[in-house]
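Asks: below are the sequence and a predicted model; questions follow.
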Amino acid sequence: MKYDFAVIGGGPAGYVAAKKAASAGLSTLLVEKEKLGGVCLNEGCVPSKTLLQAAKTYHHAKHGSVFGVEVEGLNFNFVQAHAHKNQVMDRMRGGIAGLMKKYKVEVVKGEAVLQSGLRIRVNGETHQADDVLLCTGSSPLIPPISGIDSKGVVDSSGILQLEQLPEHLIVIGGGVIGCEFACMYASVGIPVTVLETLPEICPSLDKDIAAVLREELIKKGVDFKLNARVEAIEQNYVRFTNGVDSEEVRGDLILVATGRKPNVNNLGLEELGLDFDPRGVRTDERGATNIPGLWAAGDVTGQAWLAHAASRMAEVVVHNILGRDDMIRHDKMPAVVYTSPEVAVVGLTKEDAEARGLHVKTGRIPMAINARYLAENPKEAGFCKVVMEAETNRLLGVHMVGGACSEMIFGAAALLETELREQEIEEIVFPHPTTSEVMKDVFMAVR
Ligand code: NAD
(Lines give C-alpha, C1' and ligand atoms only; values in the text may rest on other atoms or scores of the structure.)
Protein backbone atom coordinates (compact mmCIF):
# COMPACT_ATOMS: atom_id res chain seq x y z
CA MET A 1 0.00 0.00 0.00
CA LYS A 2 1.05 3.60 -0.58
CA TYR A 3 0.50 6.14 2.23
CA ASP A 4 1.21 9.83 2.69
CA PHE A 5 2.80 9.13 6.07
CA ALA A 6 4.02 6.03 7.88
CA VAL A 7 5.09 5.72 11.48
CA ILE A 8 7.23 2.95 12.97
CA GLY A 9 6.58 2.65 16.70
CA GLY A 10 3.34 3.33 18.58
CA GLY A 11 4.65 5.11 21.69
CA PRO A 12 4.12 8.74 22.74
CA ALA A 13 5.94 9.92 19.60
CA GLY A 14 4.27 7.49 17.19
CA TYR A 15 0.62 7.70 18.16
CA VAL A 16 0.76 11.49 18.58
CA ALA A 17 2.31 11.87 15.12
CA ALA A 18 -0.15 9.42 13.52
CA LYS A 19 -3.18 11.16 15.02
CA LYS A 20 -1.93 14.61 14.09
CA ALA A 21 -1.07 13.66 10.51
CA ALA A 22 -4.29 11.72 9.96
CA SER A 23 -6.44 14.49 11.41
CA ALA A 24 -4.79 16.86 8.91
CA GLY A 25 -5.92 14.56 6.10
CA LEU A 26 -2.79 12.47 5.44
CA SER A 27 -3.34 8.77 4.79
CA THR A 28 -1.38 7.27 7.68
CA LEU A 29 0.07 3.88 8.58
CA LEU A 30 1.24 3.04 12.10
CA VAL A 31 3.30 -0.12 12.66
CA GLU A 32 3.73 -1.36 16.23
CA LYS A 33 5.32 -4.70 17.15
CA GLU A 34 3.90 -4.92 20.67
CA LYS A 35 1.24 -2.76 22.34
CA LEU A 36 0.08 0.74 21.49
CA GLY A 37 1.41 3.28 23.99
CA GLY A 38 5.02 2.10 23.93
CA VAL A 39 7.26 1.90 26.99
CA CYS A 40 5.57 4.95 28.56
CA LEU A 41 2.15 3.35 28.82
CA ASN A 42 3.05 -0.32 29.08
CA GLU A 43 6.25 -0.51 31.12
CA GLY A 44 7.27 2.98 32.11
CA CYS A 45 5.63 6.27 33.07
CA VAL A 46 2.02 5.18 33.51
CA PRO A 47 2.42 1.93 35.49
CA SER A 48 5.23 3.34 37.63
CA LYS A 49 3.28 6.49 38.47
CA THR A 50 0.18 4.45 39.32
CA LEU A 51 2.17 2.24 41.71
CA LEU A 52 3.93 5.32 43.13
CA GLN A 53 0.50 6.80 43.90
CA ALA A 54 -0.45 3.56 45.69
CA ALA A 55 2.71 3.75 47.80
CA LYS A 56 2.15 7.47 48.47
CA THR A 57 -1.41 6.80 49.64
CA TYR A 58 -0.19 4.12 52.04
CA HIS A 59 2.55 6.41 53.34
CA HIS A 60 0.09 9.27 53.89
CA ALA A 61 -2.27 6.99 55.78
CA LYS A 62 0.58 5.68 57.92
CA HIS A 63 1.85 9.17 58.73
CA GLY A 64 -1.55 10.89 58.84
CA SER A 65 -1.62 11.58 62.58
CA VAL A 66 -0.41 15.15 61.98
CA PHE A 67 -3.69 15.71 60.12
CA GLY A 68 -5.66 13.88 62.80
CA VAL A 69 -5.98 10.78 60.64
CA GLU A 70 -5.25 7.63 62.61
CA VAL A 71 -5.64 4.26 60.94
CA GLU A 72 -5.57 0.93 62.71
CA GLY A 73 -4.72 -2.30 60.90
CA LEU A 74 -3.22 -0.49 57.91
CA ASN A 75 -2.13 -2.86 55.17
CA PHE A 76 -0.54 -2.45 51.75
CA ASN A 77 -2.13 -4.80 49.22
CA PHE A 78 0.38 -4.81 46.37
CA VAL A 79 -1.75 -7.18 44.27
CA GLN A 80 -4.63 -4.67 44.38
CA ALA A 81 -2.22 -1.83 43.53
CA HIS A 82 -1.18 -3.83 40.44
CA ALA A 83 -4.83 -4.47 39.55
CA HIS A 84 -5.45 -0.70 39.61
CA LYS A 85 -2.30 -0.15 37.52
CA ASN A 86 -3.51 -2.71 34.96
CA GLN A 87 -6.94 -1.07 34.75
CA VAL A 88 -5.37 2.34 34.13
CA MET A 89 -3.14 0.90 31.40
CA ASP A 90 -6.03 -0.98 29.72
CA ARG A 91 -8.15 2.14 29.68
CA MET A 92 -5.39 4.31 28.24
CA ARG A 93 -4.55 1.69 25.58
CA GLY A 94 -8.23 1.59 24.66
CA GLY A 95 -8.15 5.38 24.38
CA ILE A 96 -5.24 5.32 21.93
CA ALA A 97 -6.83 2.54 19.85
CA GLY A 98 -10.04 4.62 19.77
CA LEU A 99 -8.15 7.68 18.56
CA MET A 100 -6.46 5.68 15.78
CA LYS A 101 -9.86 4.37 14.67
CA LYS A 102 -11.49 7.80 14.84
CA TYR A 103 -8.81 9.37 12.64
CA LYS A 104 -8.65 6.32 10.31
CA VAL A 105 -5.01 5.51 11.00
CA GLU A 106 -4.17 2.07 9.59
CA VAL A 107 -2.64 0.24 12.55
CA VAL A 108 -0.57 -2.84 11.70
CA LYS A 109 0.81 -5.13 14.38
CA GLY A 110 4.21 -6.43 13.35
CA GLU A 111 7.93 -5.80 13.24
CA ALA A 112 8.81 -3.27 10.56
CA VAL A 113 12.04 -3.19 8.58
CA LEU A 114 12.91 -0.08 6.60
CA GLN A 115 14.02 -0.38 3.00
CA SER A 116 15.32 2.18 0.55
CA GLY A 117 12.81 4.42 -1.17
CA LEU A 118 10.87 4.96 2.08
CA ARG A 119 9.51 1.44 1.89
CA ILE A 120 8.50 -0.56 4.97
CA ARG A 121 8.43 -4.33 5.07
CA VAL A 122 6.09 -5.81 7.68
CA ASN A 123 4.37 -9.21 7.99
CA GLY A 124 5.61 -10.13 4.50
CA GLU A 125 4.07 -7.05 2.88
CA THR A 126 5.72 -3.91 1.57
CA HIS A 127 4.26 -0.45 2.11
CA GLN A 128 5.53 2.87 0.89
CA ALA A 129 5.07 6.43 2.12
CA ASP A 130 6.03 9.97 1.14
CA ASP A 131 7.32 10.52 4.67
CA VAL A 132 8.34 8.00 7.32
CA LEU A 133 8.77 8.69 11.04
CA LEU A 134 11.04 6.36 12.98
CA CYS A 135 10.16 6.37 16.69
CA THR A 136 11.10 2.96 18.03
CA GLY A 137 11.97 4.16 21.53
CA SER A 138 14.59 2.80 23.88
CA SER A 139 15.39 -0.15 26.17
CA PRO A 140 17.13 -0.46 29.52
CA LEU A 141 20.91 -0.27 29.25
CA ILE A 142 22.41 -3.20 31.12
CA PRO A 143 26.04 -2.61 32.17
CA PRO A 144 28.60 -5.42 31.80
CA ILE A 145 28.69 -6.41 35.49
CA SER A 146 29.48 -10.00 36.39
CA GLY A 147 26.32 -11.78 37.59
CA ILE A 148 23.94 -9.14 36.18
CA ASP A 149 21.88 -11.88 34.53
CA SER A 150 21.35 -13.70 37.85
CA LYS A 151 17.96 -14.63 39.26
CA GLY A 152 16.47 -11.76 41.25
CA VAL A 153 18.01 -9.08 39.02
CA VAL A 154 15.45 -7.04 37.06
CA ASP A 155 15.31 -3.92 34.93
CA SER A 156 12.70 -1.16 35.11
CA SER A 157 10.28 -3.16 32.95
CA GLY A 158 10.75 -6.38 34.92
CA ILE A 159 10.19 -4.81 38.33
CA LEU A 160 6.77 -3.53 37.23
CA GLN A 161 5.61 -7.13 36.75
CA LEU A 162 6.38 -8.19 40.32
CA GLU A 163 3.32 -8.35 42.55
CA GLN A 164 5.21 -9.54 45.63
CA LEU A 165 7.20 -7.15 47.79
CA PRO A 166 10.85 -8.09 48.41
CA GLU A 167 12.54 -8.12 51.81
CA HIS A 168 15.30 -5.77 50.67
CA LEU A 169 15.56 -3.93 47.36
CA ILE A 170 18.95 -2.94 45.98
CA VAL A 171 18.93 -0.36 43.21
CA ILE A 172 21.96 -0.01 40.96
CA GLY A 173 21.92 3.57 39.67
CA GLY A 174 20.67 6.63 41.57
CA GLY A 175 19.14 8.38 38.56
CA VAL A 176 15.50 9.17 37.88
CA ILE A 177 14.31 5.57 37.57
CA GLY A 178 16.36 4.42 40.56
CA CYS A 179 15.01 7.19 42.80
CA GLU A 180 11.39 6.67 41.75
CA PHE A 181 11.48 2.95 42.54
CA ALA A 182 13.48 3.54 45.74
CA CYS A 183 10.79 6.00 46.85
CA MET A 184 7.97 3.61 45.95
CA TYR A 185 9.35 0.64 47.88
CA ALA A 186 10.64 2.67 50.85
CA SER A 187 7.23 4.36 51.19
CA VAL A 188 5.66 0.99 51.94
CA GLY A 189 8.32 0.04 54.45
CA ILE A 190 10.72 -2.03 52.35
CA PRO A 191 14.42 -1.40 53.13
CA VAL A 192 16.12 0.01 50.01
CA THR A 193 19.80 0.51 49.22
CA VAL A 194 20.75 2.66 46.23
CA LEU A 195 24.24 2.29 44.76
CA GLU A 196 25.33 5.29 42.69
CA THR A 197 28.75 5.65 41.04
CA LEU A 198 28.77 9.45 41.18
CA PRO A 199 29.10 11.63 44.30
CA GLU A 200 25.43 12.70 44.05
CA ILE A 201 22.15 11.20 42.82
CA CYS A 202 20.33 12.41 39.67
CA PRO A 203 23.37 14.03 38.05
CA SER A 204 21.33 16.03 35.54
CA LEU A 205 19.52 17.96 38.30
CA ASP A 206 20.49 21.18 40.06
CA LYS A 207 22.82 20.02 42.83
CA ASP A 208 20.82 21.60 45.67
CA ILE A 209 17.65 19.90 44.39
CA ALA A 210 19.40 16.51 44.20
CA ALA A 211 20.69 16.94 47.78
CA VAL A 212 17.22 17.75 49.18
CA LEU A 213 15.69 14.82 47.31
CA ARG A 214 18.36 12.49 48.69
CA GLU A 215 17.82 13.75 52.25
CA GLU A 216 14.05 13.32 51.96
CA LEU A 217 14.42 9.78 50.60
CA ILE A 218 16.80 8.96 53.46
CA LYS A 219 13.98 10.02 55.83
CA LYS A 220 11.77 7.44 54.11
CA GLY A 221 14.35 4.75 54.79
CA VAL A 222 16.48 4.71 51.63
CA ASP A 223 20.17 4.04 52.23
CA PHE A 224 22.35 5.72 49.59
CA LYS A 225 25.86 4.50 48.86
CA LEU A 226 27.45 7.23 46.75
CA ASN A 227 30.75 6.90 44.84
CA ALA A 228 29.85 3.21 44.72
CA ARG A 229 31.04 1.35 41.63
CA VAL A 230 29.37 -2.03 41.37
CA GLU A 231 31.86 -4.83 40.74
CA ALA A 232 29.80 -8.00 40.81
CA ILE A 233 26.52 -9.64 41.77
CA GLU A 234 26.69 -13.07 43.42
CA GLN A 235 23.77 -14.92 44.97
CA ASN A 236 21.80 -11.86 46.12
CA TYR A 237 24.95 -9.99 47.18
CA VAL A 238 26.05 -6.90 45.29
CA ARG A 239 29.74 -6.10 45.71
CA PHE A 240 30.80 -2.49 45.18
CA THR A 241 33.86 -0.34 45.72
CA ASN A 242 34.56 3.32 46.46
CA GLY A 243 37.92 2.89 44.75
CA VAL A 244 39.72 1.92 47.94
CA ASP A 245 37.62 -0.57 49.90
CA SER A 246 35.14 -3.18 48.73
CA GLU A 247 31.81 -3.68 50.49
CA GLU A 248 28.77 -5.81 49.83
CA VAL A 249 25.08 -5.47 50.42
CA ARG A 250 22.47 -8.22 50.37
CA GLY A 251 19.05 -7.96 48.77
CA ASP A 252 16.50 -10.41 47.39
CA LEU A 253 15.56 -8.03 44.55
CA ILE A 254 18.12 -6.07 42.53
CA LEU A 255 16.97 -3.36 40.13
CA VAL A 256 19.34 -2.23 37.40
CA ALA A 257 18.59 1.41 36.57
CA THR A 258 21.73 2.63 34.87
CA GLY A 259 20.26 4.40 31.85
CA ARG A 260 18.59 3.51 28.57
CA LYS A 261 19.73 2.88 24.99
CA PRO A 262 17.97 3.78 21.71
CA ASN A 263 16.29 0.92 19.78
CA VAL A 264 18.22 1.08 16.51
CA ASN A 265 18.79 -2.63 15.81
CA ASN A 266 16.99 -4.98 13.39
CA LEU A 267 15.33 -2.09 11.56
CA GLY A 268 17.41 -2.28 8.38
CA LEU A 269 19.01 1.08 9.20
CA GLU A 270 22.58 0.04 8.25
CA GLU A 271 21.57 -0.67 4.63
CA LEU A 272 19.90 2.73 4.25
CA GLY A 273 22.99 4.87 4.86
CA LEU A 274 21.22 6.53 7.78
CA ASP A 275 23.37 8.68 10.07
CA PHE A 276 23.07 6.81 13.38
CA ASP A 277 25.10 4.92 15.96
CA PRO A 278 24.32 3.14 19.25
CA ARG A 279 23.68 6.56 20.86
CA GLY A 280 20.78 7.20 18.50
CA VAL A 281 19.61 8.48 15.12
CA ARG A 282 20.91 11.95 14.38
CA THR A 283 18.34 14.57 13.41
CA ASP A 284 18.19 18.32 13.07
CA GLU A 285 15.89 20.38 15.28
CA ARG A 286 12.96 19.59 12.94
CA GLY A 287 13.46 15.85 13.38
CA ALA A 288 14.83 15.38 9.84
CA THR A 289 17.49 12.69 9.34
CA ASN A 290 20.13 12.73 6.58
CA ILE A 291 17.71 10.77 4.33
CA PRO A 292 15.07 13.00 2.69
CA GLY A 293 11.58 11.99 3.86
CA LEU A 294 12.88 9.92 6.80
CA TRP A 295 12.33 11.58 10.17
CA ALA A 296 13.00 10.45 13.76
CA ALA A 297 11.54 11.43 17.13
CA GLY A 298 11.68 10.34 20.76
CA ASP A 299 14.15 8.10 22.57
CA VAL A 300 15.47 6.57 19.32
CA THR A 301 17.24 9.91 18.74
CA GLY A 302 19.07 9.52 22.07
CA GLN A 303 17.79 12.91 23.19
CA ALA A 304 15.67 13.90 26.20
CA TRP A 305 14.41 10.38 27.12
CA LEU A 306 11.06 11.83 28.14
CA ALA A 307 7.61 10.84 26.89
CA HIS A 308 6.43 14.43 26.54
CA ALA A 309 9.63 15.34 24.68
CA ALA A 310 8.94 12.43 22.32
CA SER A 311 5.39 13.67 21.69
CA ARG A 312 6.60 17.21 21.07
CA MET A 313 9.36 15.99 18.73
CA ALA A 314 6.73 14.03 16.80
CA GLU A 315 4.45 17.07 16.61
CA VAL A 316 7.37 19.13 15.25
CA VAL A 317 7.97 16.52 12.53
CA VAL A 318 4.33 16.51 11.44
CA HIS A 319 4.18 20.31 11.43
CA ASN A 320 7.20 20.41 9.13
CA ILE A 321 5.74 17.75 6.83
CA LEU A 322 2.55 19.82 6.63
CA GLY A 323 4.57 22.92 5.71
CA ARG A 324 4.59 24.69 9.07
CA ASP A 325 8.05 25.68 10.33
CA ASP A 326 8.56 24.31 13.80
CA MET A 327 11.52 23.12 15.83
CA ILE A 328 12.21 21.36 19.10
CA ARG A 329 13.62 23.47 21.93
CA HIS A 330 15.25 20.99 24.29
CA ASP A 331 16.50 23.76 26.58
CA LYS A 332 12.87 24.60 27.42
CA MET A 333 11.73 21.02 28.03
CA PRO A 334 10.26 20.46 31.49
CA ALA A 335 11.24 17.32 33.41
CA VAL A 336 9.76 15.73 36.51
CA VAL A 337 10.90 13.12 39.00
CA TYR A 338 7.77 11.59 40.53
CA THR A 339 9.20 10.87 43.95
CA SER A 340 7.88 12.25 47.26
CA PRO A 341 8.76 15.05 47.30
CA GLU A 342 8.46 15.58 43.56
CA VAL A 343 11.11 17.35 41.54
CA ALA A 344 10.16 19.51 38.56
CA VAL A 345 12.56 21.54 36.48
CA VAL A 346 12.67 23.51 33.25
CA GLY A 347 15.43 25.47 31.58
CA LEU A 348 19.01 26.05 32.60
CA THR A 349 20.64 25.51 35.98
CA LYS A 350 23.01 28.23 37.22
CA GLU A 351 25.95 26.02 36.21
CA ASP A 352 24.49 25.39 32.70
CA ALA A 353 23.92 29.11 32.19
CA GLU A 354 27.39 30.10 33.37
CA ALA A 355 28.92 27.43 31.13
CA ARG A 356 27.20 29.25 28.24
CA GLY A 357 28.92 32.47 29.28
CA LEU A 358 25.77 34.05 30.75
CA HIS A 359 25.94 36.33 33.77
CA VAL A 360 23.18 35.08 36.06
CA LYS A 361 21.44 35.80 39.32
CA THR A 362 19.46 33.23 41.28
CA GLY A 363 16.76 33.30 43.92
CA ARG A 364 15.60 30.51 46.20
CA ILE A 365 12.60 30.34 48.51
CA PRO A 366 11.66 27.44 50.79
CA MET A 367 8.26 25.91 50.05
CA ALA A 368 7.50 26.18 53.77
CA ILE A 369 6.82 29.94 53.49
CA ASN A 370 3.68 28.97 51.54
CA ALA A 371 0.50 28.32 53.53
CA ARG A 372 -0.92 25.71 51.19
CA TYR A 373 2.37 23.83 51.06
CA LEU A 374 2.70 23.82 54.81
CA ALA A 375 -0.91 22.67 55.22
CA GLU A 376 -0.43 19.73 52.87
CA ASN A 377 3.25 18.85 53.32
CA PRO A 378 4.06 19.70 56.93
CA LYS A 379 7.03 17.36 57.13
CA GLU A 380 8.55 17.58 53.67
CA ALA A 381 11.36 19.99 52.78
CA GLY A 382 11.25 21.75 49.45
CA PHE A 383 12.23 24.90 47.65
CA CYS A 384 11.86 26.78 44.41
CA LYS A 385 14.87 28.28 42.69
CA VAL A 386 14.92 30.55 39.66
CA VAL A 387 17.83 31.44 37.42
CA MET A 388 17.69 34.75 35.56
CA GLU A 389 20.04 36.61 33.28
CA ALA A 390 21.47 39.40 35.43
CA GLU A 391 21.47 42.23 32.88
CA THR A 392 18.07 41.57 31.25
CA ASN A 393 16.05 39.80 33.96
CA ARG A 394 15.34 37.13 31.32
CA LEU A 395 14.11 33.93 32.93
CA LEU A 396 16.51 31.06 32.20
CA GLY A 397 15.37 28.25 34.49
CA VAL A 398 13.03 27.16 37.27
CA HIS A 399 13.95 24.28 39.59
CA MET A 400 11.61 22.98 42.27
CA VAL A 401 11.50 20.20 44.81
CA GLY A 402 8.36 19.64 46.89
CA GLY A 403 4.85 18.21 46.67
CA ALA A 404 2.72 19.33 43.68
CA CYS A 405 5.72 20.54 41.66
CA SER A 406 4.80 18.34 38.71
CA GLU A 407 1.50 20.18 38.29
CA MET A 408 3.14 23.62 38.42
CA ILE A 409 6.07 23.23 36.08
CA PHE A 410 4.08 23.76 32.89
CA GLY A 411 3.51 27.33 34.11
CA ALA A 412 7.25 27.90 34.35
CA ALA A 413 7.68 26.28 30.90
CA ALA A 414 5.08 28.71 29.50
CA LEU A 415 6.97 31.66 31.00
CA LEU A 416 10.18 30.43 29.41
CA GLU A 417 8.58 29.74 26.01
CA THR A 418 6.92 33.15 25.90
CA GLU A 419 10.03 34.88 27.26
CA LEU A 420 8.05 37.02 29.68
CA ARG A 421 10.07 39.60 31.63
CA GLU A 422 9.78 40.24 35.37
CA GLN A 423 7.27 43.10 35.00
CA GLU A 424 4.94 40.93 32.91
CA ILE A 425 5.34 38.04 35.37
CA GLU A 426 4.46 40.43 38.19
CA GLU A 427 1.14 41.17 36.47
CA ILE A 428 0.10 37.49 36.38
CA VAL A 429 -2.28 36.52 39.18
CA PHE A 430 -1.36 33.30 40.97
CA PRO A 431 -4.43 31.97 42.81
CA HIS A 432 -4.37 31.92 46.62
CA PRO A 433 -3.89 29.65 48.41
CA THR A 434 -1.89 27.54 45.97
CA THR A 435 1.68 26.30 46.13
CA SER A 436 2.26 28.01 42.77
CA GLU A 437 2.46 31.36 44.61
CA VAL A 438 5.98 30.33 45.62
CA MET A 439 7.02 30.81 42.00
CA LYS A 440 5.80 34.40 41.94
CA ASP A 441 7.42 35.07 45.33
CA VAL A 442 10.78 33.87 44.12
CA PHE A 443 10.58 35.87 40.87
CA MET A 444 9.83 39.00 42.85
CA ALA A 445 12.58 38.27 45.38
CA VAL A 446 15.31 37.80 42.80
CA ARG A 447 14.89 41.03 40.80
P1 NAD B 1 19.78 8.09 34.49
O2 NAD B 1 20.78 8.43 33.47
O3 NAD B 1 18.83 9.11 34.99
O4 NAD B 1 20.54 7.53 35.80
C5 NAD B 1 21.39 6.44 35.77
C6 NAD B 1 22.28 6.56 36.98
O7 NAD B 1 23.01 5.35 37.12
C8 NAD B 1 23.30 7.68 36.87
O9 NAD B 1 23.24 8.48 38.02
C10 NAD B 1 24.64 6.95 36.75
O11 NAD B 1 25.70 7.63 37.34
C12 NAD B 1 24.33 5.65 37.49
N13 NAD B 1 25.14 4.50 37.09
C14 NAD B 1 25.45 4.12 35.83
N15 NAD B 1 26.14 2.95 35.87
C16 NAD B 1 26.25 2.59 37.17
C17 NAD B 1 26.82 1.49 37.86
N18 NAD B 1 27.45 0.51 37.19
N19 NAD B 1 26.74 1.45 39.22
C20 NAD B 1 26.10 2.43 39.89
N21 NAD B 1 25.54 3.50 39.29
C22 NAD B 1 25.60 3.57 37.94
O23 NAD B 1 19.04 6.78 33.94
P24 NAD B 1 17.72 6.05 34.42
O25 NAD B 1 17.36 6.42 35.79
O26 NAD B 1 17.96 4.61 34.09
O27 NAD B 1 16.63 6.64 33.44
C28 NAD B 1 16.81 6.51 32.01
C29 NAD B 1 16.27 7.71 31.29
O30 NAD B 1 14.85 7.70 31.37
C31 NAD B 1 16.76 9.00 31.92
O32 NAD B 1 17.18 9.89 30.92
C33 NAD B 1 15.55 9.53 32.62
O34 NAD B 1 15.51 10.95 32.63
C35 NAD B 1 14.40 8.94 31.81
N36 NAD B 1 13.26 8.76 32.71
C37 NAD B 1 12.54 9.85 33.05
C38 NAD B 1 11.50 9.70 33.95
C39 NAD B 1 10.71 10.90 34.34
O40 NAD B 1 10.70 11.86 33.60
N41 NAD B 1 10.08 10.90 35.49
C42 NAD B 1 11.21 8.47 34.51
C43 NAD B 1 11.97 7.41 34.14
C44 NAD B 1 13.00 7.56 33.24
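Replies: Happy to help now that I have it.

Asks: list the helices and strands the biggest helix by length in the chain packs on?
Replies: Identified as the longest helix of the chain according to DSSP state H is helix 78-102. Under the contact criterion of 3 or more CB pairs under 8 Å, 6 or more residues apart in numbering; DSSP states H and E, helix 78-102 touches helix 14-23, helix 38-43, helix 45-62. (Glycine included, C-beta is placed from N, CA and C.)

Asks: quick check: D441 vs G363, distance?
Replies: 9 Å (CB to CB, to the nearest Å).

Asks: who in the stretch 51-200 of the chain is up against the ligand?
Replies: Applying CB under 6 Å from any ligand atom, one finds that the stretch 51-200 of the chain approaches the ligand through P143, I172, G173, G174, G175, V176, I177, G178, L195, E196, T197, L198.

Asks: so which of those is the most crowded?
Replies: Most neighbours among these, by other CB atoms under 10 Å: G174, with 29 neighbours.

Asks: so that one touches E196, yeah?
Replies: Yes: the pair G174 / E196 is scored as a contact, 3.2 Å apart, by CB atoms under 8 Å.

Asks: any shared contact partners between those two?
Replies: Both G174 and E196 are in contact with F224, L226, where contact means CB atoms under 8 Å, 6 or more residues apart in numbering.

Asks: need the contact list for whatever residue of the stretch 151-300 of the chain ends up closest to the ligand.
Replies: Here the residue of the stretch 151-300 of the chain nearest the ligand is G175; by CB to the nearest ligand atom that distance is 1.8 Å. For G175, the contact set (CB under 8 Å, 6+ apart) comprises E196, I201, C202, P203, S204, A257, T258, G259.

Asks: correct me if wrong: the first one contacts D223.
Replies: No: the pair formed by E196 and D223 falls short of the contact definition of CB under 8 Å, at 11.4 Å.

Asks: list buried residues within the contacts of G175.
Replies: Neighbour-count burial (16 or more other CB atoms under 10 Å) is assigned, among the contacts of G175, to E196, I201, C202, A257, T258.

Asks: now these in a markdown table, with pLDDT?
Replies: Formatted as a markdown table, the buried ones among the contacts of G175 follow (pLDDT from 0 to 100):
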| residue | pLDDT |
| --- | --- |
| E196 | 98 |
| I201 | 98 |
| C202 | 98 |
| A257 | 98 |
| T258 | 98 |
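
Asks: OK, now which residue of the stretch 301-447 of the chain is nearest to the ligand?
Replies: For the stretch 301-447 of the chain, CB to the nearest ligand atom, closest residue to the ligand: W305, 3.3 Å.

Asks: confidence score at that residue?
Replies: pLDDT, W305: 95.

Asks: remind me what the longest strand seen in the chain packs against, helices and strands.
Replies: In the chain, taking DSSP state E as the definition, the longest strand is strand 125-134. Secondary-structure packing of strand 125-134 (3+ CB pairs under 8 Å, 6+ apart): strand 2-8, strand 113-115, strand 119-122, strand 294-296, helix 307-321.

Asks: what average pLDDT does it get?
Replies: Rounded mean pLDDT across strand 125-134 is 98.

Asks: just the helices and strands packed on strand 125-134: most buried one?
Replies: Among those, ranked by average contacts under mean count of other CB atoms under 10 Å, first place goes to strand 294-296 (a mean of 28).

Asks: packing partners for that one?
Replies: Strand 294-296 packs on strand 125-134, helix 307-321, going by 3+ CB pairs under 8 Å, 6+ apart.

Asks: so what's the closest residue to L134 other than its chain neighbours up against?
Replies: Spatial nearest neighbour of L134, chain neighbours left out: A296 (4.6 Å); criterion: CB to CB, 6 or more residues apart in numbering. A296 makes contact with L133, L134, C135, V281, T283, G287, T289, according to CB under 8 Å, 6+ apart.

Asks: buried stuff in the least confident helix or strand in the chain by mean pLDDT?
Replies: When the helices and strands of the chain are compared on mean pLDDT, DSSP states H and E, helix 422-426 comes out lowest with a mean of 86. Of the residues in helix 422-426, E422, I425 count as buried by neighbour count, 16+ other CB under 10 Å.

Asks: next secondary structure after that helix?
Replies: Under the assignment DSSP states H and E, the closest C-terminal helix or strand after helix 422-426 is helix 437-446.

Asks: name the nearest residue to the spatially most central residue of the chain, sequence neighbours excluded.
Replies: What sits nearest the mean C-alpha location of the chain, by CA atoms, centre = their mean, is L306, with 4.3 Å. Once flanking residues are discounted, L306 sits nearest to A335: 6.0 Å by CB to CB, 6+ apart.

Asks: great, nothing more from me.
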